[in-house]
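Trainee: next input, structure requested:
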Amino acid sequence: AVRSLRKARNPTLFAMAGGLGVSSTPDAEQTEIAKHLKSAVETKLGTTFSKFDVEEVRTQVVAGTNYFFKVATGDDSAVHLRVFKGLPHTGGQPELVDAVVKTATDAIDYF
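Mentor: You can find the predicted model right below:
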């Protein structure tokens, strides 16, 4: 009964381990991670971006953290980034895993 009550009050309390978290506004550290990788994103996609505004993030805890960012790049365009940051004992430097071109209205999902 207690478990059911807790789940009813906070449905994320019992979220599946390793699953994607809910979409949220990135904090300052998360924004810096994405902005730091702008040139890597431009190289991967073969273009440059005059606008690169980090709007949303979802995270996934694995052997470190996967960050899934939505970055606004124009009027109705965005790029979604998957960035992995290892645990501190591994060096923990963020690295771009993938980047895909999307529209501004596309939701962030695993890719």
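Trainee: what residues does the most centrally placed residue in the chain make contact with?
Mentor: The centroid of the chain falls nearest to Phe68 when counting by CA atoms, centre = their mean (2.0 Å). Each residue near Phe68 by CB atoms under 8 Å, 6 or more residues apart in numbering is listed here: 20, 57-60, 80-83, 108-111. For every residue, glycine as well, the C-beta is placed using N, CA and C.
Trainee: does the nearest residue to it once chain neighbours are set aside count as helix, strand or coil?
Mentor: Sequence neighbours aside, Arg58 is the residue nearest to Phe68 in space, at 4.4 Å (criterion: CB to CB, 6 or more residues apart in numbering). Per DSSP: H, G, I helix; E, B strand; the rest coil, the local secondary structure of Arg58 is strand.
Trainee: wait, Arg58 sits on Ala107?
Mentor: No. Using CB atoms under 8 Å, Arg58 makes no contact with Ala107, being 9.3 Å away.
Trainee: more neighbours: these two, which one.
Mentor: Taking neighbours as other CB atoms under 10 Å, Arg58 and Ala107 compare with Arg58 leading, 22 against 10.
Trainee: give me the distance between the more buried one and Pro26.
Mentor: Distance, Arg58 to Pro26, using CB to CB, to the nearest Å: 10 Å.
Trainee: ok, now Thr43?
Mentor: Separation of Thr43 from Pro26 (CB to CB): 22 Å.
Trainee: out of the contacts of Phe68, which one sits closest to Ser39?
Mentor: Sorting these by how near they are to Ser39, with CB to CB, puts Leu81 at the top with 12.6 Å.
Trainee: give me the neighbour count for the nearest residue to Gly74 once chain neighbours are set aside.
Mentor: Nearest non-adjacent residue to Gly74, counting by CB to CB, 6+ apart: Lys51, 6.0 Å away. Around Lys51 there are 11 other residues, counting by other CB under 10 Å.
Trainee: list the residues that contact Lys51.
Mentor: Residues near Lys51 by CB under 8 Å, 6+ apart: 72-74.
Trainee: one more time with 10 Å
Mentor: Applying CB atoms under 10 Å, 6 or more residues apart in numbering to Lys51 gives the contacts 71-75, 77-78.
Trainee: all strands of this protein, in order?
Mentor: Taking DSSP state E as the criterion, the chain carries its strands at 53-62, 64-72, 77-86, 95-103.
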